[in-house]
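Undergrad: next comes the sequence, and after it the predicted model I'd like to discuss.
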Amino acid sequence: MANTSMVWFSLLNLDDRVALLAEPGMPLPRSLADNLRRMDPSYVVGEAVWTANHTGNAAEQLLPSLQGVLATYRELLLKWWKTLSADDQSVFIEHRDEAVPAQYLPIAQNAVGGALVGNVAGEPIDMEQPFSISPIARVFLEWKARERNS
């Protein structure tokens, strides 16, 4: 599920990527909204909320189409996650920022974005070499690690 429109997402800091993947429709903190607006003003939409004394309080959110892309990634990764044993989940969490042991490659290839292996195009994948996971899966695993630690 390669999507070149996800470049904006990769430019955000890890905390913001984790928060948006966990809840794509969340109200955006001011700093994140400003950062997104600098990338492209259309990435942020606001909705005015009026109180009894008629003062407006804008709740800004990510553009609905971008929310949809993140929600799709999120749902596919959650579906993959639920297929893993607790032990396999732990291995992926432990290796989210480093090479994953080679024996987990078949499992990782079922995740969104799959596994990133260091082979030259056209050559067979070396099933004996450690690998890294896709960037979107890495953000997902960081989210799951934070959930475990909270």
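TA: Noted; the coordinates are in hand.
Undergrad: would you map the strands across the chain?
TA: 44-50, 56-62, 115-116, 132-133 (DSSP state E).
Undergrad: and the residue nearest to S42 when sequence neighbours are not counted, how far from W81?
TA: Leaving aside its chain neighbours, S42 sits nearest to L63 (6.2 Å; criterion: CB to CB, 6 or more residues apart in numbering). All C-beta atoms are positioned from the backbone trio N, CA, C, and that covers glycine. For L63, the distance to W81 (CB to CB, to the nearest Å) stands at 26 Å.
Undergrad: name the helices or strands packed onto the top helix by length along the chain?
TA: Longest helix in the chain by number of residues (criterion: DSSP state H): helix 64-82. When contacts are defined as 3 or more CB pairs under 8 Å, 6 or more residues apart in numbering; DSSP states H and E, helix 64-82 sits against helix 14-22, helix 135-149.
Undergrad: what would those helices look like in CSV with mean neighbour count?
TA: Formatted as CSV, those follow (neighbours: other CB atoms under 10 Å):
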stretch, mean neighbour count
helix 14-22, 18
helix 135-149, 18
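Undergrad: same list (the ones you listed) but as CSV, adding distance to Q67.
TA: Below are these laid out as CSV (distance: least, CB to CB, whole Å):
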stretch, distance to Q67
helix 14-22, 9
helix 135-149, 15
